[in-house]
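Trainee: Here's a sequence, model it:
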Amino acid sequence: TSAIFSPFFNLEVSGTDYYHIDVMDGKFVKNNTEEKMYTFTNEIKQISNIPLDVHFIVENIKENIDRYLIFKPHIITFHLKACKDKEEVKKHIKYLQENGVFVVLNASGALFNGPHKFTNLLNNFPDLLVFSIDSIVAEKHDANRNFNGLFDKVVNSIKYIKNMGHYPVAIRTVITKNNY
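Mentor: Numbering: from 1, shown residues only. Next up is the predicted model:
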């Protein structure tokens with residue numbers, strides 16, 4: 001048993017600020033980690049006070065939010081593409097904020113076809129809006145997403161949001177030898 005707790009202890013005393021937990025259902029990405037990460041999160045919370053940063057890459061956001069709220073996560077990220085409409089997005093944001101959770105919404109420029117989409121979203125803004133970028137080279141990003149012009153759409157979306165006010169926006173990316 002001590003072999004299980006030792007790595008967590010070492011991470012905690014080293015000064016780790018957050019545990020990032022990726023919860024995937026196998027529908028947006030090929031891995032399904034739902035049950036494994038739930039068990040892992042439960043184990044972490046039994047031995048550590050380090051805050052949780054939970055990232056849902058799942059279709060059923062509400063079900064997962066309800067499951068993970070017992071762990072009192074500091075941050076929850078969910079994906080806009082997993083929501084059926086803007087009302088569902090607003091409901092999730094409000095629910096999470098009412099429960100004291102810092103809300104991160106992961107968006108894609110492909111989902112926004114005009115400024116009115118952002119205006120509606122920003123009326124119930126999450127604490128942070130994130131765009132995922134697969135490469136800092138526009139052509140490689142667009143090829144990876146199979147969507148010509150998407151990189152520029154993301155850049156223009158960020159410019160539009162920033163011109164509307166002081167809304168925090170971040171980029172999440174994984175750079176590999178294949179996409180750099």
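
Trainee: moving C-terminal of the lowest-mean-pLDDT helix or strand in the chain, what's the next helix or strand?
Mentor: Taking mean pLDDT, DSSP states H and E as the measure, helix 115-122 is the helix or strand of the chain with the lowest mean score, a mean of 62. Using DSSP states H and E, the helix or strand that follows helix 115-122 towards the C-terminus is strand 128-133.

Trainee: starting at the chain centroid, how far to that next one?
Mentor: Mean-position distance between strand 128-133 and its chain equals 8 Å (Cα atoms, centre = their mean, to the nearest Å).

Trainee: How about the residue positioned nearest the centre of the chain, nearest residue that isn't a chain neighbour?
Mentor: With distances taken as Cα atoms, centre = their mean, T77 lies nearest the centre of the chain, 3.2 Å away. Across the structure, with Cβ to Cβ, 6 or more residues apart in numbering as the measure, the residue nearest T77 apart from its sequence neighbours is V104 (3.9 Å). For every residue, glycine as well, the C-beta is placed using N, CA and C.

Trainee: For the one you found, which three-state class applies?
Mentor: strand (DSSP: H, G, I helix; E, B strand; the rest coil).

Trainee: so it bridges to which residues?
Mentor: Beta-bridge partners of V104, counted by DSSP bridges, are T77, L128.

Trainee: Many thanks, have a good one.
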